[in-house]
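Q: Turn this into a structure:
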Amino acid sequence: MFGLVVFGAIGLYFLISVGVVKWAIRYARDNGKSAKRWGWGAALGMYLLVFWDWIPTVATHQYYCATEAGFWVYKTPEQWKAENPGVAETLVANKGAPFSYEAFDNRHGKKDTYFLNDRFNWVVIQQDIPGLLPIIRTEQQVVDVKKNEVLARYVDFGTGNSVKNTVGPPGPLKFWLHNGHCVGGEKNGGRLSTLMESAAYLGEKGK
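A: So this is what the prediction gives:
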C-alpha cells in the first residue's frame with residue numbers, strides 16, 4: 001500500500017514538473033526569451049528540488065566505503081583460547097541475549113552492547129555522518145572485556161536513512177537513496193557474526 005502511495009506521488013510530481021516546464025517555455029516565447037534555456041532551467045530546478053542529494057550521497061558513500069570500510073581479524077577465538085589456557089572452558093554463553101543501549105551525539109549515534117559471556121561482548125555502534133547527506137556508519141566489534149582487546153572489527157556504510165530519524169525523510173520516501181552496504185559489506189557482516197558466535201560458545205566447544 002505504501003509503495004502505491006509513493007509511486008503515485010512520484011507520478012503526480014512528474015506531471016507537475018511537465019506542467020512547469022511547459023509553462024516556462026510558453027512564458028519565454030511570449031516574452032522574447034530563450035525557450036530552450038527556460039525549459040531546461042525549469043526541468044533542472046524541478047529535478048534538483050527532490051533529487052539534489054542523490055549524486056552527492058552516492059559519491060560520498062563510495063568514498064567512505066573505499067577509505068574506511070572493511071573486515072579485520074586481529075585474533076581468532078582459537079588463538080585467544082591458546083593464549084588463555086584453561087579460561088575458555090569456564091565460559092558459558094549468556095541466555096536471552098542480554099544487552100545495553102546507549103545514545104550519544106544528540107541521538108545521532110547509538111551503541112548496543114551484547115553480553116556474549118563473561119569475557120566477550122559484541123559491540124554495535126551506528127552513527128550519522130555529519131552533514132546533510134543520509135549516510136550511516138556502522139562498526140561492529142568482538143571485544144575481550146577483561147583485557148579491553150578487540151578480536152575482530154567490521155566497518156560498513158549505508159545510505160538513505162539516519163540513526164536519529166529512522167522513520168521520517170529521507171527514510172522510505174526517498175527509496176532511491178537506499179543502499180544498505182558497501183560492496184562486500186553484507187558478506188563481511190556475516191563473517192563478523194560467525195566469529196561472534198564462535199566467541200560466545202567458545203567454552204562449550206567439545207563438550
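
Q: For the residue nearest the centre of the chain, give me its contacts.
A: The centre of the chain sits closest to G158, judged by C-alpha atoms, centre = their mean, with a distance of 2.6 Å. G158 makes contact with 135-136, 138, 179-181, according to C-beta atoms under 8 Å, 6 or more residues apart in numbering. All C-beta spots, glycine's among them, are computed from the backbone N, C-alpha and C.

Q: For it, pull up the helix or strand it's in.
A: strand 149-159 (DSSP states H and E).

Q: Report the buried residues of that strand.
A: 151-159 (16 or more other C-beta atoms under 10 Å).

Q: Using TSV, please lay out these together with distance to G190.
A: Below are the buried residues of strand 149-159 laid out as TSV (distance: C-beta to C-beta, whole Å):
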residue	distance to G190
L151	16
A152	12
R153	15
Y154	10
V155	15
D156	11
F157	17
G158	16
T159	20
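
Q: What is the nearest of these to N31?
A: T159 (42.0 Å; C-beta to C-beta).

Q: surely that closest one meets I135?
A: Yes: in this structure, T159 is within contact of I135 by C-beta atoms under 8 Å, at 5.2 Å.

Q: any shared contact partners between those two?
A: 57, 61.

Q: Contacts for stretch 72-83 next, please.
A: By C-beta under 8 Å, 6+ apart, the list of residues contacting stretch 72-83 reads 87-88, 144, 149-154, 195, 198-199, 202.

Q: Now do the helices in this protein.
A: Remark: helices assigned in the chain by DSSP state H are 2-30, 35-51, 54-67, 77-83, 185-200.
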